[in-house]
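# Mind looking at a prediction? Sequence and model below.
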Protein chains: 2
Amino acid sequence: MKAYLISIGDELMIGQTINTNAAFIASKLNDVQIEISKTTMVGDNEADILFEFKNAYDSSDLIIVTGGLGPTHDDITRKCVVDFFETELVRDEGVLEDVRNLFKNRGREITKINEDQSLVPKIATVIRNSKGTAPGTWIAKDGKIFISMPGVPYEMEGMMEDFVLPELKSKYNLDKQSRIIVNFLTTGIPESILYERLGDLDQLLQGNKLAFLPNQFGVKMRLTVLGETHEAAQNKLSEIEQKIRSLVGRYIYGKGDLKIEGVIARLLIDRGLKIATAESCTGGLLANRFTNINGSSNFFEKGMVTYSNAAKVEDLSVSEDLIQEKGAVSLEVARQMAEGIKAVSGVDIGIGVTGIMGPTGGTENKPVGLVYIGLCDEKVCTAKEFRFGDDRLLNKDRATQAAIEMLRRHLLGIPYDE
Amino acid sequence: MKAYLISIGDELMIGQTINTNAAFIASKLNDVQIEISKTTMVGDNEADILFEFKNAYDSSDLIIVTGGLGPTHDDITRKCVVDFFETELVRDEGVLEDVRNLFKNRGREITKINEDQSLVPKIATVIRNSKGTAPGTWIAKDGKIFISMPGVPYEMEGMMEDFVLPELKSKYNLDKQSRIIVNFLTTGIPESILYERLGDLDQLLQGNKLAFLPNQFGVKMRLTVLGETHEAAQNKLSEIEQKIRSLVGRYIYGKGDLKIEGVIARLLIDRGLKIATAESCTGGLLANRFTNINGSSNFFEKGMVTYSNAAKVEDLSVSEDLIQEKGAVSLEVARQMAEGIKAVSGVDIGIGVTGIMGPTGGTENKPVGLVYIGLCDEKVCTAKEFRFGDDRLLNKDRATQAAIEMLRRHLLGIPYDE
């Protein structure tokens, strides 16, 4: 089974929108071993769209189209689908009700152009949209499947998960796998050192593949294992995983799509611990990461963003003399911030972050990218220095990640060895 | 001049990495009117890469390759470039120094494989990497330009801005434009209502193009104006912009790539005002948005993430009886949170956000997506109800955006009309 992806929208052709949809769909199809033969992007132009539809239909079994289904004049995909399949538009009462409910729930008046989104090609099965107004459509004809979905990522993703993937799996029995892909998620170690510690990769991998994918949060190692059967691949995977963990296990916080804050949440909830954060340079991003977890009120008690020295002194009882002597960006202040937020919020663990995120504000002794993170519980009160780069938003990401990793290591008793 | 983009990496082929690089480069080339004839993605496979290089070289004047330049075994782009141009690798002392400095600044030991990143194709001009270790290369041959850059987005972006674009502009005199693209950034109004308010688009646009690009932060309207000369296009643009602003101007917070928090920052700093935030459901994201602005300490005084009712009562003096009576998620509590954070931090404006972000925690009367935002200054103390969707992270984005928009409207005296 060969798939062909078509992403529609002028915004893609001039780089104004990033084509996340192609990656999302590729990833989901890859999981069920459907190979993508081609991915193309076209603008909101009838002739170009119809040309792509024809190419795709001639060469592939599964065609997935995203974009161009909005209510406004520049969206013409639905019209193209109707023309291509020589069918007509009919109103779908279920969709009409969905659209009306969505507007009602948001307390807004519905408009005519929104109601008209319930018009769908007659030969299509409707894919309902739980997150927006434009329905998707599934057309099965000539032994091929032609799917059209909105370009708004979360709407398309909802449709893929709720309808398209289950439908494809059940129709084509796609769950048998002899190739397994696993991601090992690391943080706090550069790609080159991770690579070195793994030693002789040929020996480790025995013909399987390991890729290193770094970003500001850490390095993802993607292991691809092939086996003649799913079981054989699974056995090989276990063997390689064991070796990888013995070499760099302390840096691996999880596998798959896990978020490190999710790992922390489980650790804290299991132990009945509560945390609080005092942030200067990360400005609320650390609290935000923790509260991205559903149920975060079970472990996250309070966050403070104390930007000014006065706030550090008043709210966290950081010593004014200490700030004078060592500076607000110092190991000692980070420690006192952690201690202060722990005391003031009555939690088990306090975390304090102070640093210089840039682009301005650095000095020779304290350059942009310098960050101190403090962590205190009942027994220890410690702080650690980190040096990041010169990009403000990347530095906020890196410092936040480092603080979460510091908490993970603290909870698991993993020392820093560098 | 025709450009051909090649993105290299297995992670792209299975959808594990989103190809943001193609969009970034397309956008930058579009700005200087270089048309992209084709964008392709290939895996880390020598034969595929060389095949793409040949295709690109045969059909285009400008070839831009990203990815596959890392220090580890799976990155083979540099080797392919050397083979393709039948050249050899030589050490570049400048790059070696850059790499050594980067490791020194981060306080890390350098490894042999990092040092070897200073080996570059002999016929290439080096594009220095200010954010990482792998250099880019620029090869001018046969009247064509062949550029190779790392796949790590911020490294590639730095090289594009600092070297590639200035170089292309100066070599090809690319600044003359007869097409102008402007983005009008709106928030707080759905796409369909925005569309309706603009009335007869044919009359408004007179043959020019307007696209509506919605996401959870708002709707971007992209206006593309064509003129025989740059001046003619500019005049048309002014005329259409004036009409658009007269119809939906109150929803437009800026143009281009502006962030709404940047607009707020300027307004606050100009007026010498300071703000503080009290967040429940947005969990620090609002503070984070404000502190993303360099120099945010000039207007952002303090943020509190008060998740528990106890914290709302203790830290913000929200009335315990009121929470009992109306619930923590209520118009009244949002208002008291705003009032409380204003008082406790001594700022000019306090903002309070409380709501139910989901996926769990909703009730029939207070469903997931219900958010109240309070705003108090010396004169007014108000709160407003919002209803969003059922996705936790999208709801955090939407609620944060609504709070910032509420502040913008407050500062500019723009009423809510719905």
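Perfect, thanks for sending it. These numbers come from a predicted model, not from an experiment.
# Which of the residues in stretch A:196-204 are classified as buried?
A:196, A:198, A:204 (16 or more other CB atoms under 10 Å in any protein chain shown). To be clear about C-beta, it is placed using only N, CA and C from the backbone, and glycine gets the same treatment.
# Pull the residues that contact it.
For stretch A:196-204, contacts defined as CB atoms under 8 Å, 6 or more residues apart in numbering or on different chains pick out A:189, A:195, A:210, A:240, A:243-244, A:247-248, B:73, B:111, B:113.
# rewinding a little: using CSV, please lay out the buried residues of stretch A:196-204 together with pLDDT and secondary structure.
As requested, the buried residues of stretch A:196-204 are exported to CSV (pLDDT from 0 to 100; DSSP: H, G, I helix; E, B strand; the rest coil):
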residue, pLDDT, secondary structure
A:196, 92, helix
A:198, 94, coil
A:204, 94, helix
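# which one among those gets closest to chain B?
Ranked by distance to chain B (CB to the nearest CB), those are led by residue A:196 at 5.7 Å.
# any idea how far residue B:113 is from the closest one?
7 Å (CB to CB, to the nearest Å).
# Same check on residue A:285?
Using CB to CB, residue A:285 is found at 32 Å from residue B:113.
# These two: which has the busier surroundings?
residue A:285 (26 against 17; other CB atoms under 10 Å in any protein chain shown).
# Do I have it right that the more buried one meets residue B:288?
Yes. Here residue A:285 reaches residue B:288: they are 4.4 Å apart, a contact under CB atoms under 8 Å.
# could I get stretch A:267-282 in PDB with only the CA atoms?
What follows is stretch A:267-282, C-alpha atoms only, in PDB (Å, rounded to 0.1, in the frame of the first residue of the first chain):
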ATOM      1  CA  LEU A 267       7.600  10.200  40.500                       C
ATOM      2  CA  LEU A 268       6.200  13.000  42.700                       C
ATOM      3  CA  ILE A 269       2.700  11.700  42.900                       C
ATOM      4  CA  ASP A 270       3.900   8.100  43.700                       C
ATOM      5  CA  ARG A 271       5.900   9.500  46.600                       C
ATOM      6  CA  GLY A 272       3.300  12.000  47.700                       C
ATOM      7  CA  LEU A 273       5.600  14.900  47.300                       C
ATOM      8  CA  LYS A 274       4.700  18.500  46.400                       C
ATOM      9  CA  ILE A 275       7.000  21.000  44.800                       C
ATOM     10  CA  ALA A 276       7.000  24.800  44.300                       C
ATOM     11  CA  THR A 277       9.100  27.000  42.000                       C
ATOM     12  CA  ALA A 278      10.800  30.300  42.200                       C
ATOM     13  CA  GLU A 279      11.800  31.700  38.900                       C
ATOM     14  CA  SER A 280      13.700  34.700  37.900                       C
ATOM     15  CA  CYS A 281      15.100  34.200  34.300                       C
ATOM     16  CA  THR A 282      12.800  31.500  33.200                       C
END
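# Hmm, residue A:178 is touching residue A:234, no?
No. The pair residue A:178 / residue A:234 is not scored as a contact, 9.8 Å apart, by CB under 8 Å.
# list residues touching both of the two?
residue A:227.
# so where do the strands sit in the stretch 1-150 of chain A?
A:2-8, A:35-42, A:62-66, A:89-91, A:119-121, A:125-127, A:136-141, A:144-149 (DSSP state E, counting those that start in this stretch).
# One more: the stretch 151-300 of chain A?
Secondary structure of the stretch 151-300 of chain A (DSSP E, counting those that start in this stretch): strands at A:179-186, A:209-215, A:218-226, A:252-255, A:275-279, A:300-306.
# follow-up on the earlier one: which among the strands of the stretch 1-150 of chain A is found nearest to chain B?
In terms of CB to the nearest CB, the element of the strands of the stretch 1-150 of chain A nearest to chain B is strand A:35-42, at 7.1 Å.
# Let me see the mean pLDDT of that closest one.
Here strand A:35-42 scores 78 as its mean pLDDT.
# In it, which residues are buried?
Neighbour count says strand A:35-42 has A:36, A:39-42 buried, by 16+ other CB under 10 Å.
# Stretch A:402-410 now?
A:402-410.
# wait, which of those residues is closest to residue A:167?
Using CB to CB, residue A:404 is the member of the buried residues of stretch A:402-410 that sits closest to residue A:167, with 37.8 Å.
# Alpha carbons of the host helix or strand of that closest one, in PDB - could you do that?
Assigned by DSSP states H and E, residue A:404 belongs to helix A:392-412. Output of helix A:392-412 as PDB, limited to C-alpha atoms (Å, rounded to 0.1, in the frame of the first residue of the first chain):
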ATOM      1  CA  ARG A 392      16.800  34.200  24.900                       C
ATOM      2  CA  LEU A 393      14.000  31.800  24.100                       C
ATOM      3  CA  LEU A 394      16.300  28.800  23.600                       C
ATOM      4  CA  ASN A 395      18.000  29.700  26.900                       C
ATOM      5  CA  LYS A 396      14.600  29.700  28.700                       C
ATOM      6  CA  ASP A 397      13.900  26.300  27.200                       C
ATOM      7  CA  ARG A 398      17.400  24.900  28.200                       C
ATOM      8  CA  ALA A 399      17.300  26.300  31.700                       C
ATOM      9  CA  THR A 400      13.800  25.000  32.300                       C
ATOM     10  CA  GLN A 401      14.800  21.600  31.000                       C
ATOM     11  CA  ALA A 402      18.000  21.600  33.200                       C
ATOM     12  CA  ALA A 403      15.900  22.400  36.300                       C
ATOM     13  CA  ILE A 404      13.500  19.500  35.500                       C
ATOM     14  CA  GLU A 405      16.400  17.200  34.900                       C
ATOM     15  CA  MET A 406      18.000  18.300  38.200                       C
ATOM     16  CA  LEU A 407      14.800  17.400  40.000                       C
ATOM     17  CA  ARG A 408      14.700  14.000  38.200                       C
ATOM     18  CA  ARG A 409      18.200  13.200  39.200                       C
ATOM     19  CA  HIS A 410      17.500  14.300  42.700                       C
ATOM     20  CA  LEU A 411      14.400  12.100  43.000                       C
ATOM     21  CA  LEU A 412      16.200   9.100  41.500                       C
END
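# and that helix, does that touch chain B?
Yes. Shown here: helix A:392-412 in contact with chain B (CB under 8 Å from any CB of the partner chain) through A:392-394, A:396.
# okay, the angle between that helix and strand A:275-279?
Using axes from the mean of the first three to the mean of the last three CA atoms, to 10 degrees, the direction of helix A:392-412 lies 150 degrees away from that of strand A:275-279.
# care to break chain A down by domain?
A:2-172, A:179-255, A:260-412 (automatic domain parsing).
# Of those, flag the one that's most buried.
domain A:260-412 (a mean of 21; mean count of other CB atoms under 10 Å in any protein chain shown).
# gap between the two ends of it?
Start-to-end span of domain A:260-412 (CA to CA, to the nearest Å) is 13 Å.
# For that domain, what does the pLDDT average out to?
95.
# any idea how far it is from the chain center?
Taking CA atoms, centre = their mean, to the nearest Å, the mean C-alpha location of domain A:260-412 is offset from the chain mean by 23 Å.
# among the strands of the stretch 1-150 of chain A, which gets the worst mean confidence?
strand A:35-42 (a mean of 78).
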